[in-house]
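Q: got a sequence here, can you build the structure:
(chains A, B, C and D, ligands or ions: 4)
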Amino acid sequence: MTQPFRTRAGGQIDRTVTLSFRFDGKVYAGHPGDTLASALLANGVRLVGRSFKLHRPRGIYAAGAEEPNALAELRTGARREPNTRMTQIELYAGLEAASQNRWPSLRWDLLSLNGLIAPVLSSGFYYKTFMWPASFWEKVYEPLIRRSSGLGRAAGLADPDRYDTVNAHCDVLVIGAGVAGLAAALVAGATGARVMLCEQDFLLGAGLVGQDDGWREATLAALAAMANVTLLPRTNVFGAYDANVVGAVERVADHLPEPPPHTPRQRYWTIRAGTIVHATGAHERFIAFPDNDRPGVMLAGAAATYVARYGVKPGNRALLFANNDAAYLSLFTLHDAGVVMAGIVDPRAESPAQAAARARGITVWSASQVIGTSGALALTGARIARVGSAGTDTLVAADLLLVSGGINPAVQLASQSRTPLDWSEPLATWVPGVPVLAQFSAGAANGVSGLREAAADGARSGAAASGGDAAIALPEDVPADATVLPLWEVKGRGKAFVDIQDDVTANDIRLAAREGYKHIEHAKRYTTHTMGTDQGKSGGLVGAAVLAEARGETVQNVGMPTFRPFTSPVTWGAIAGANIGKHFAPTRLSPLHDWHVKRAAVFMDAGQWLRPAYYPAPVDSDGWDSVLREARAARRGVAVCDVSTLGKIDVQGRDAARFLDRLYTNTFSNLAIGRARYGLMLREDGIVFDDGTTSRLAQDHFFVTTTTANAGPVMQHMEFYLQTVWPELDVTLASVTDQWAAMSIAGPKSRATISKIVDGLDLSNEAFPFMAVADATVRGCAVRVFRISFSGEMAYEIATPAGHAETVWRAVLEAGEEFGIEPYGVEALGLLRIEKGHVTGAELNGQTTAADVGLEKMFKKRGDFVGRVLAQRPGLTDAARPRLVGLRPVTRGEQMRAGMHLVETGSSHSLGWITAVTRAVELDGWIGLAMLENGASRIGSRMQAASPLHGALVDVEIVSPHFVDPENARVRV
Amino acid sequence: MSVSNHSGSNHSGSDLLAPGAHGAVGGEPVRIALRSCDVVQVLARKGRAGDVAAALLGALGLVLPGPGHAADGRGASALWVQPEGWFVVAPRGADGALASAIKAACGDAASVIDQSHGRAVVSISGTRAAWVLAKSCRVDLHPSAFGPGRVASTQLFHLAATLHQTDAVPSFDLIVFSTFLRSFLESLTHAAEETGYVVA
Amino acid sequence: MIRIDCPWCGVRDEVEFTYRGDATVVRPGEGASEEAFHDFVYKRANPRGWHVEWWYHGAGCRQFLKVVRHTMTHEVRAVARATEMPEVPAE
Amino acid sequence: MRYSGLRLFAEALRGNTGWKPAWRDPPPKRSYDVIIIGGGGHGLATAYYLAKEHGITNVAVLEKGPIGLGNTGRNTTIVRSNYMLPQNHFFYEKALSLWEGLEQDLNYNAMVSQRGVINLFHAEGTRNAAVRRGNAMRLDGIDADLLDKEQVRALCPLIDVDNGRFPVLGGLMQRRGGTARHDAVAWGFARAADQRGVDIIQHCEVTGIDVEGGRVTGVQTTRGPIKANKIGLAVAGNTSRLAQMAGIDVPIESHVLQAFVSEGVKPLVDQVITFGAGHFYISQSDKGGLVFGGGLDGWNTYAQRGNLPVVDHVWSAGIAMMPSLSRLRGLRQWGGVMDMSFDGSPIIGKTPIDGLYMTAGWCYGGFKATPGSGWCHAWTIANDAPHKLNEAYRLDRFRTGHLLDERGNGPYPWMQ
Ligand SMILES: Cc1cc2nc3c(=O)[nH]c(=O)nc-3n(C[C@H](O)[C@H](O)[C@H](O)COP(=O)(O)OP(=O)(O)OC[C@H]3O[C@@H](n4cnc5c(N)ncnc54)[C@H](O)[C@@H]3O)c2cc1C
Ligand SMILES: NC(=O)c1ccc[n+]([C@@H]2O[C@H](COP(=O)([O-])OP(=O)(O)OC[C@H]3O[C@@H](n4cnc5c(N)ncnc54)[C@H](O)[C@@H]3O)[C@@H](O)[C@H]2O)c1
Ligand SMILES: Cc1cc2nc3c(=O)[nH]c(=O)nc-3n(C[C@H](O)[C@H](O)[C@H](O)COP(=O)(O)O)c2cc1C
Ligand SMILES: [Zn+2]
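A: Ligands and ions are numbered 1, 2, ... in the order given. Here you go, the predicted structure:
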């Protein structure tokens, strides 16, 4: 396990520890502090992937987030993670990674044959063909395209790791811990401000490694000593949002084979910052020249990083192609590390750095450029020529070609924060302009070069951001001029890539322009330039410049594609955090839930609630048996249902009655104390909103119930009208849904049952008639008894403070035992209400009027109420609108289904639909409710209920929706 | 007819709070407990906030706090929860007694609503309690922004909750809707596994 | 993320609130025409610029607030109680 | 210039130098028979069908920026006709049938991919609503299938049908539904309209609409005034502002809808799937990215950018539905400004101003409508009367109460 390309000394790696890892099944060695990329380079691995479209061989191109090529499937099994950048994977013992997008192997990739027909695969080729025959798209072309595109393979298995989210607040957020960010944080921290420093890298001050380790260590020590400073390494700020809120993902345990128990793999931070300092550094950009994608071509700064930080020589013989002096420093770093110098190719005639290079004995070809490269799976050399001279090229042998076309400040986050970008002539790139929000850009992100200058810029920003100041030591450096001679592309034979990941060439951009896709956003979409996982960090501006030339415009006028989140791709699971599985949404449980569980109820979801659907008994052979048994008990004897889920609102105040009069279609001010009334509520547009009973407990005190689903919305509706429309009213509102458990005791034996247990209340029909309400006790527990009925039977509702629910419930069951009492669930509740023709959410679905469901009589004669006026619109009063009717199959046993449509026999024209069906207990077979055009006039006629989805067609009879006791006598006995 | 495969169990959530240490070991755990409290909602009627204040001062020695604050009185605390609206929280007493006492004191100056069964009070305490809460709490609980005696109604784990910091440890009382208690505890204890938590 | 400085609760994230649209429309009084109610429900300012709108602080103080917010920048310039009228910038 | 595989080869041999602009870039004329404002899919389709179906070719499409970068260029590309109300499903079915022959008609591959759309449901109420919708479609000759839980599992094994919080009961599937390549739709219509003589004028913002005596006469633009006999609005989230230029108020609010795309992966999700228990839907682009989104942010805006609360919800809903997405990564986030109507259905038709027409109120469902909207809008402009298919989409329905509230959410655009 030798590492032939490892230098003897230097770098922030722990040479005392050797880690073994696998890439494409082969075992290699590296050290703590390595990335997968640096370790592979140390082992001499050059070929690491295949390109997206042409499947060209690719090597490691960068050393950080801008890497376009070196993507791997990391880990195995359910933890497999495609497209992971090798340049950011921290090495750990036993790491396993595999190259992707190749078949059968990385060296022998069949689809590299695409290269042969590359001219056909020009940008947008798929828009021009694959159209014949039409049916071939889904069957032939698309599957082929889908299979050959995409990058790595998803695991397709549930993720075994956990994730977390956390909220944070700070005065100053510094993004990036380069020299500028560290200086900014140090100054802001010294002022006492709450500072957070986020750095995507696992090292803080990484750019300083090998340059000024002393300053770096001293600064980190000073920061670590400040209690008001939070340092977050391994944390990428992925997006900047309104109000200086940013999202960031911390890779808590990605550097370990597996997260330790209870530790999240990644953590999503939502950070609310007073001010933000963007110290995000810069991305070096490449130059597009023919075959600029061969393994061995690398960004100059990246090569220097491999040497200085990782102690790895990325090659044996290096050639530099650069148009700026700063890039020479990168080459010198390699030179100092003993890499053989093949020379420097520079389009500029002369520069101070050229002189310095020559002084080092390095050959410099001035006014020259690289016009091509040679090699197959790895670089063997570059062809160079003088600028402007045709045909006279020299082949220079090299296994490493460093490229630098200048640097682009990492303005992504600033731009997302709406900071305008200004064009810098000397740097030939975009730099941040005057921010709109309370933000600053510092250091390389601000177009400042040189360690000392960047630190000073950071310190200034830290002071401005914190509103204070502090003197700090600055690092020393040998400044290099970052000015560039703009050079975007060297034309010649061979593909000059402007997007190395997505295989977009300069010719593709020109073709887009020629075909009219000239706007930068059109060219992007037509060619997919900057649409890969690196979002064009190193080639975006290059492509824009090629487009500018094709359009005969300045780069400045062409602009850049919009910078959007995410600065780096964001793990899906991290954002979800713990809010998955049962934690995706909270579950609401009735106070009687434990009892239902003990009684082995079958539960169903009702919004957030879990409610018993029915209670199976040994005698039941299926669910329907249970439901029918429960409903029969309610019709023939007595049964009890948990209705604690109903919304309950306490309304008090001198104007409470007046307030309710304005919200409900009917009147409450004339409701007697101790009485309840059914109420109907509309939206302002005249459509039914909710219904429920309201009881008057005192002159100024009402107890309102709502449907389970609308408990929250009705409360909010009331608060809206109270606070914004009638704020002068003396009314208070309080939700008491959770305070009160409620149970409905229904059936001819209901009075006999509860009379045994309700103390302090005469329950006789005379003393406590239908719609009466009174307080009492059961087994010493306070209760409120309502004589109201949803089932259509004589019925009572007993409400009790939630903690007493089980006591009261058990008392009811014991009292009813002699009458064969049964608990009943939501299914039986539905059965009973359908038999009775009561409407629920299935009919009151936000589309129906009061008249549609037969409740038009609930409109009071006089007075305003919400929805009254707009309910009168012709479209809502049209007599032909679907109206509520009842249904019975002609052959009684035939099953109907909710969602069937009603048609005239033999027709397929829908005239209505079934809202609810059930098997009945008071009648034979199935019954249903439906909304039917001209419903009232069709009662007595026959139609068909059709469900083509089920292949079902049932002859039905249209009947009144009130199957049971239409006179409403039972409730009054 | 269709039903889900949910089972659901123990609504009170007490099974989730089995005494002992849970989650990660090594660091300092947080303490989580269910507190047995009465909670009474007091909403001043229009223009009667002064009367309510006087009544509660007399009855419970409570100086009604303003927005974002709590105040302690004789055996009870008042938490501001909405304009001219407070929660009066006290250790659990006879059923309905606290509400009756407040009602008697306030007369028609306030709507007095017993929520003792409608709210549950969960306490969390420990040096890392704010960290555990920050996993879902969007309100800044840093000592420079919050502190003992401070109250915030906000969202925790998708649920409306009122948060009351009771001391500088820090300790927090979390007042949540009782029908969501189990779900709340599931999420809270899940969040506390990282620091580890102890149930006394 | 929109952050709203609730006059009761302090600065809070938008997720604690529920939006309820244009706060400049006024519900017509009793006896008003269908036209007036139509406008109350359906005729809403939809400016590109400053917008006065209702936000309900449901997870906090349960109050409806009048918020002056810019529909391009999302800057919240003023927040007022339901019965107050906040100042709306000209541009 | 016709596109074909043969042409592709021939051009490849010539170094791809022979390709011509897909559409011309003409300067605006002083006057047109018809001006369409808005160079999104709807505006371009309107112009195309005006030329193709009605022989009206003296037409300009005025676009303030480059064409196709509004909602057309930023939507999640779902195409379907699985609506419940007959007015809606007949219209969308017309659109779907136009999609089915679109490539051949336009000679531009818009990659219409009928891979199937599955709407999951998790509770009895939503199941019943799905059955009602599916049956409404089937009775009117539109394909729909009801899937039970096991069929859902079999079709898409990534879905956790036993979901920890909201188990899946089943799904409603429209097999003919699917996706299309959004940019190509705009470009294809532009190219085909251009070939029939339509002037596509980019970077020409309309700043005023001239109305004289209750009739439109032309527009003011950043490139000068242009006269027209008829004007059609197809400006999506800017409808209110344009309508106001003509002095009319429309029941539309502008709201942002966000979308996301993941890093590319090998084929993983083969259909379009919507989660019924949270706001989430997903499909996979032919490039390999998972394209997904959720609900509105829920407040008026004209900004096309995303925001965190929706990210939080949508991404966790995604994992609640498909746990294995957890280790994949989101690549990009963006937003689009939509014209949210007050009943969730569109407005296509005449306005109180003579000669002014609109196609608007598309909410977040207008991409699938693109050819249908253009077709009906063109008909309405050509005949100065709505076609039967868009009769119900009248602007005055909010006055008359003939609402088309497919989901019953009420007059709250941010909830539609
Ligand atoms: C994130 C997202 C996801 C979506 N997903 C789907 C989906 O899956 N399926 C679906 O069917 N629909 C979807 N939609 C909706 C769909 O994208 C739109 O309804 C549809 O694209 C609208 O097309 P359009 O042509 O009307 O609008 P646009 O494409 O927005 O075109 C309007 C054009 O008008 C121009 N314009 C505006 N003002 C002026 C002016 N003053 N002068 C000149 N020009 C002007 C604009 O620049 C723009 O180009 C989604 C929308 C979004 C934002
Ligand atoms: N070695 C190189 O290639 C290189 C590159 C740029 C700058 N420099 C030099 O460094 C000095 C400038 O220092 P600086 O501090 O301005 O830049 P820097 O590049 O040294 O530091 C920026 C830091 O920000 C981090 N970062 C960027 N985006 C981030 C995000 N979204 N979330 C979290 N972290 C993020 C980067 O990982 C990096 O560590 C100059 O001397 C310059 O010449 C060197
Ligand atoms: C269906 C679809 C697929 C997309 N795929 C990608 C992609 O693979 N890579 C990428 O960078 N962006 C992708 N995008 C996003 C676009 O880059 C762009 O963000 C979006 O169209 C909105 O435009 P804007 O960001 O310029 O405002 C996709 C967008 C859509 C609608
Ligand atoms: Zn508030």
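Q: where along the stretch 201-350 of chain D do the strands fall?
A: D:206-212, D:215-221, D:226-233, D:252-264, D:272-275, D:280-284, D:289-300, D:329-341, D:347-350 (DSSP state E, counting those that start in this stretch).
Q: what pairs with the last one, and is each one parallel or antiparallel?
A: In this case it means strand D:347-350. Strand D:347-350 sits in its sheet next to strand D:356-360 (antiparallel), going by DSSP bridges.
Q: taking strand D:215-221 as reference, get the angle to the partner strand.
A: Angle, strand D:356-360 to strand D:215-221, by axes from the mean of the first three to the mean of the last three CA atoms, to 10 degrees: 60 degrees.
Q: hmm, back to that, for the strands of the stretch 201-350 of chain D, which one sits closest to C:Glu75?
A: strand D:289-300 (13.0 Å; CB to CB). (Each C-beta comes from the backbone N, C-alpha and C, glycine too.)
Q: what strands line up against that closest one, and which way round?
A: strand D:252-264 (antiparallel), strand D:280-284 (antiparallel).
Q: could I get those as JSON lines with mean pLDDT and mean neighbour count?
A: JSON lines is the format used below for the strands paired with strand D:289-300 (pLDDT from 0 to 100; neighbours: other CB atoms under 10 Å in any protein chain shown):
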{"stretch": "strand D:252-264", "mean pLDDT": "98", "mean neighbour count": "26"}
{"stretch": "strand D:280-284", "mean pLDDT": "98", "mean neighbour count": "25"}
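Q: can I get these in a markdown table with distance to ligand 4?
A: Output for the strands paired with strand D:289-300, formatted as a markdown table (distance: least, CB to the ion, whole Å):
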| stretch | distance to ligand 4 |
| --- | --- |
| strand D:252-264 | 24 |
| strand D:280-284 | 29 |
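Q: distance to ligand 3 added to these, as TSV?
A: Formatted as TSV, the strands paired with strand D:289-300 follow (distance: least, CB to the nearest ligand atom, whole Å):
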stretch	distance to ligand 3
strand D:252-264	4
strand D:280-284	8
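Q: for A:Ala288, which of those is the nearest?
A: Here strand D:252-264 is closest among the strands paired with strand D:289-300 (CB to CB), at 22.6 Å.
Q: quick one: that closest one near ligand 1?
A: Yes - Strand D:252-264 is in contact with ligand 1 by CB under 6 Å from any ligand atom, via D:257-259.
Q: quick revisit: and A:Asp212, which of the strands of the stretch 201-350 of chain D is closest to it?
A: That would be, of those and by CB to CB, strand D:329-341, which comes in at 33.9 Å.
Q: just checking, what packs against the closest one?
A: Using 3 or more CB pairs under 8 Å, 6 or more residues apart in numbering or on different chains; DSSP states H and E, the elements in contact with strand D:329-341 are strand A:570-571, helix A:572-576, strand D:252-264, strand D:289-300.
Q: partner strands of the shortest one, parallel or antiparallel?
A: For strand A:570-571, the pairing partners within the sheet under DSSP bridges are strand D:329-341 (antiparallel).
Q: wait, A:Gln608 sits on A:Ser590?
A: No - using CB atoms under 8 Å, A:Gln608 makes no contact with A:Ser590, being 11.5 Å away.
Q: more neighbours: those two, which one.
A: Relative neighbour count places A:Ser590 above the other of A:Gln608 and A:Ser590, with 24 against 21, counting by other CB atoms under 10 Å in any protein chain shown.
Q: show me the helices in the stretch 851-973 of chain A, by range?
A: Taking DSSP state H, counting those that start in this stretch, the helices of the stretch 851-973 of chain A run over residues A:874-877, A:935-938.
Q: residues contacting the first one, please?
A: What that stands for is helix A:874-877. A:686-687, A:849, A:851, A:870-871, D:397, D:400-403 (CB atoms under 8 Å, 6 or more residues apart in numbering or on different chains).
Q: outline the domain layout of the chain.
A: Just so you know, I chose chain A. Chain A breaks down by automatic domain parsing into domains covering A:1-158, A:165-282+A:409-466, A:287-404, A:491-572, A:599-645+A:739-832, A:651-735, A:879-973.
Q: my bad, the chain I had in mind was chain D
A: D:18-81+D:84-106+D:182-251+D:343-415, D:117-177+D:254-341.
Q: can you lay out those domains as JSON lines showing distance to A:Phe659?
A: Shown next, in JSON lines, are these (distance: least, CB to CB, whole Å):
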{"stretch": "domain D:18-81+D:84-106+D:182-251+D:343-415", "distance to A:Phe659": "21"}
{"stretch": "domain D:117-177+D:254-341", "distance to A:Phe659": "28"}
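Q: now distance to ligand 2 too, for those domains, in a markdown table please.
A: Shown next, in a markdown table, are those (distance: least, CB to the nearest ligand atom, whole Å):
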| stretch | distance to ligand 2 |
| --- | --- |
| domain D:18-81+D:84-106+D:182-251+D:343-415 | 23 |
| domain D:117-177+D:254-341 | 14 |
